[in-house]
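Engineer: Give the three-dimensional model of this entry:
(2 chains)
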Amino acid sequence: MTETPCREVPLDEWAGALSAARSEGFDFFDWLTAVDQMDAEDSPGFDVVCHLMNSSTGRGTLARVLLRTRVPSGQSLASATTLWSGSAWHERETHEMFGIDFAGFEDGTGLGLRPLLLPNGFDGTPLRKSFVLAARASKAWPGAKEPGEGAPSHGAAHTEKPGRRKITAPGVPDTTWGPR
Amino acid sequence: MPSVGMLNDDAPRPIKVVLNWGRRYSLWVFNFGLACCAIEFIAASMARHDFIRLGVIPFAPGPRQADLMVVSGTVTDKMAAAIRRLYDQMPEPKYVISFGSCANSGGPYWDSYCVTKGVDTLIPVDVYVPGCPPRPEALLQGIIRLQEKIAAETLSTKGMRAKYAGSRRATAAEVTRPLLTQAQVTPEVSPRIAPQITPSPVSVGHAGEQS
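Structural biologist: Take a look at the predicted model:
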């Protein structure tokens, strides 16, 4: 299968590019999400990606297109809800997970962008790379992280490899982090 | 308090044995299936592993008819309130099996922002079944351990009060709700997307959850 074609769209042409793709026949909205690119060398921000399909093309030859734009932190993006009302859930999820605002968001309820999946009262944007996963810092993980750890077998003390690099999960703070 | 507890207070020992025997071999099970562990649980209920031969009856029509809750899968913070609520609706004596690493401790999702670090932070757990996911045989072993535990217990009214004293947050009256009225069922405005049922300000009392 060939790679899905991807169109790089400038930030202020996002709404125009979406409606242009729709009038080209890409009328089926599949999904919209974001990628944290705050550590990128040039123009850090969030890549918002939208996947569209052409519903009039046949099975197996289904035409698809990806639209991608880079949203700098703190800026908002035009909403796709006027073109596809089904994009409301995707934009709400992207908003709560990445903290990206969608200008002109309208899902018929008048309630605006609000959390979709996160529990009530959740504070923070958990899919940003800067979000600290503090669970392991506040309470020790009950499992064994390293081979041979946790279950002391016979003579485990001198069979343990001393120079082994400790593996830390991404997003988990090191020992210097925060109050404990 | 159920009458069986009061009977157990005064019953002679052979009768207690009979009562415990009856209780351990008629566990109506309520499957709180949340993730892949639920598939193993379902496999355990089907013909090959068949936990009905141990007296575990699948599936209770709802928590109010269940004796045993099997929490199988990843408990998220958003689901935590529902687990607590359905546990409160189960009649006593009630038992909980925590099935799989996620329900035991959060498992591989320990670092996640949304996973509860073990279902025992919400409700008291009787038996933990380890594994990711555990095999159906492990659940059968867990059921046998639970039945041994039930056989050994002296479930007096006093003992039952003590057992559930710390975990009982709501009375039966608090977790019941009034019948839905037509005004609640039919939305007043009907926008393009049907609105959610208006969240009730009452914490456990009258929200529209079906059981």
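Engineer: So what's the residue count around residue 20?
Structural biologist: As the question left the chain open, I've gone with chain A. Neighbour count of A:Ala20, defined by other CB atoms under 10 Å in any protein chain shown: 14. Heads up, the C-betas are built off the backbone N, CA and C, glycines and all.
Engineer: other chain: chain B
Structural biologist: Around B:Asn20 there are 18 residues (other CB under 10 Å).
Engineer: give the contact list for it.
Structural biologist: B:150-153, B:155 (CB atoms under 8 Å, 6 or more residues apart in numbering or on different chains).
Engineer: where's it, which helix or strand?
Structural biologist: helix B:13-24 (DSSP states H and E).
Engineer: Give the buried residues for that helix.
Structural biologist: For helix B:13-24, a neighbour-count test (16 or more other CB atoms under 10 Å in any protein chain shown) marks B:16, B:19-20, B:23-24 as buried.
Engineer: Now do the SS call for B:Trp28.
Structural biologist: strand (DSSP: H, G, I helix; E, B strand; the rest coil).
Engineer: measure it to chain A for me?
Structural biologist: Using CB to the nearest CB, to the nearest Å, B:Trp28 is found at 30 Å from chain A.
Engineer: Also B:Phe99?
Structural biologist: 17 Å.
Engineer: ok, back up a step: save the contacts of B:Asn20 as TSV, and put in pLDDT and neighbour count too.
Structural biologist: Shown next, in TSV, are the contacts of B:Asn20 (pLDDT from 0 to 100; neighbours: other CB atoms under 10 Å in any protein chain shown):
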residue	pLDDT	neighbour count
B:Ile150	88	21
B:Ala151	87	13
B:Ala152	84	9
B:Glu153	79	17
B:Leu155	64	21
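Engineer: Residues contacting the helix ranked longest in chain B, please?
Structural biologist: Longest helix in chain B, counting residues (DSSP state H): helix B:136-152. Under the criterion CB under 8 Å, 6+ apart, residues B:20-21, B:23-25, B:27, B:40-41, B:43-44, B:48-49, B:51, B:54-56, B:68, B:70, B:95, B:97, B:99, B:126-131, B:134 lie in contact with helix B:136-152.
Engineer: quick one: which of those residues sit in strands?
Structural biologist: Under the assignment DSSP state E, the contacts of helix B:136-152 contribute B:27, B:56, B:68, B:70, B:95, B:97, B:99, B:127-129 to strands.
Engineer: Pick out whichever of these sits closest to A:Val48.
Structural biologist: Set against A:Val48, the nearest of the ones in strands among the contacts of helix B:136-152 by CB to CB is B:Phe99 (39.2 Å).
Engineer: For the closest one, give me the pLDDT.
Structural biologist: What the model reports for B:Phe99 is a pLDDT of 94.
Engineer: looking at it, it is touching B:Pro130, isn't it?
Structural biologist: No - using CB atoms under 8 Å, B:Phe99 makes no contact with B:Pro130, being 9.4 Å away.
Engineer: the more surrounded of the two?
Structural biologist: Counting neighbours by other CB under 10 Å for B:Phe99 and for B:Pro130 shows that B:Phe99 has the greater number, 32 against 14.
Engineer: could you point out where chain A is predicted with low confidence?
Structural biologist: A:1, A:143-169, A:178-180 (pLDDT under 70).
Engineer: show me where it has strands.
Structural biologist: In chain A, the segments counted as strands under DSSP E are A:6-8, A:28-37, A:45-53, A:64-71, A:76-78, A:101-103.
Engineer: Sheet partners, orientation included, of the fifth one?
Structural biologist: Based on DSSP bridges, the pairing partners of strand A:76-78 within the sheet are strand A:101-103 (parallel).
Engineer: wouldn't A:Phe28 be in contact with A:His51 here?
Structural biologist: No - between A:Phe28 and A:His51 there is no contact under CB under 8 Å: 9.4 Å.
Engineer: Of all the residues in stretch A:120-135, which ones are buried?
Structural biologist: A:125-128, A:131, A:133-135.
Engineer: What of stretch B:121-133?
Structural biologist: Quick answer for stretch B:121-133 (16+ other CB under 10 Å): B:122-123, B:125-129, B:131, B:133.
Engineer: And for stretch A:22-37?
Structural biologist: Neighbour-count burial for stretch A:22-37 [16+ other CB under 10 Å]: A:22, A:26, A:28-30, A:32-34, A:36-37.
Engineer: which residues are contacting it?
Structural biologist: A:44-57, A:63-65, A:70-71, A:80, A:83-84, A:86-87, A:90-91, A:93-94, A:97-98, A:100, A:127-129.
Engineer: got the CA positions of stretch A:13-30 in CSV?
Structural biologist: Taking C-alpha atoms only, stretch A:13-30 is exported to CSV below (Å, rounded to 0.1, in the frame of the first residue of the first chain):
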residue,chain,number,x,y,z
GLU,A,13,-5.2,28.7,5.4
TRP,A,14,-6.4,25.7,7.4
ALA,A,15,-10.1,26.3,6.9
GLY,A,16,-9.7,27.1,3.2
ALA,A,17,-7.6,23.9,2.7
LEU,A,18,-10.2,21.8,4.4
SER,A,19,-13.1,23.1,2.3
ALA,A,20,-11.0,22.9,-0.8
ALA,A,21,-10.3,19.2,-0.1
ARG,A,22,-14.0,18.7,0.6
SER,A,23,-15.0,20.2,-2.7
GLU,A,24,-12.4,18.0,-4.4
GLY,A,25,-14.4,15.0,-3.2
PHE,A,26,-12.7,14.2,0.1
ASP,A,27,-16.0,14.4,1.8
PHE,A,28,-15.6,11.8,4.5
PHE,A,29,-13.9,13.1,7.7
ASP,A,30,-12.0,10.2,9.3
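Engineer: Could you check how far that stretch is from the centre of its chain?
Structural biologist: Counting by CA atoms, centre = their mean, to the nearest Å, stretch A:13-30 is centred 21 Å from the centre of its parent chain.
Engineer: circling back to that earlier point, neighbour count says what about the contacts of stretch A:22-37? Which are buried?
Structural biologist: Buried among the contacts of stretch A:22-37 by 16+ other CB under 10 Å: A:45-46, A:48-54, A:63-65, A:70-71, A:80, A:83-84, A:86-87, A:90-91, A:93-94, A:97-98, A:100, A:127-128.
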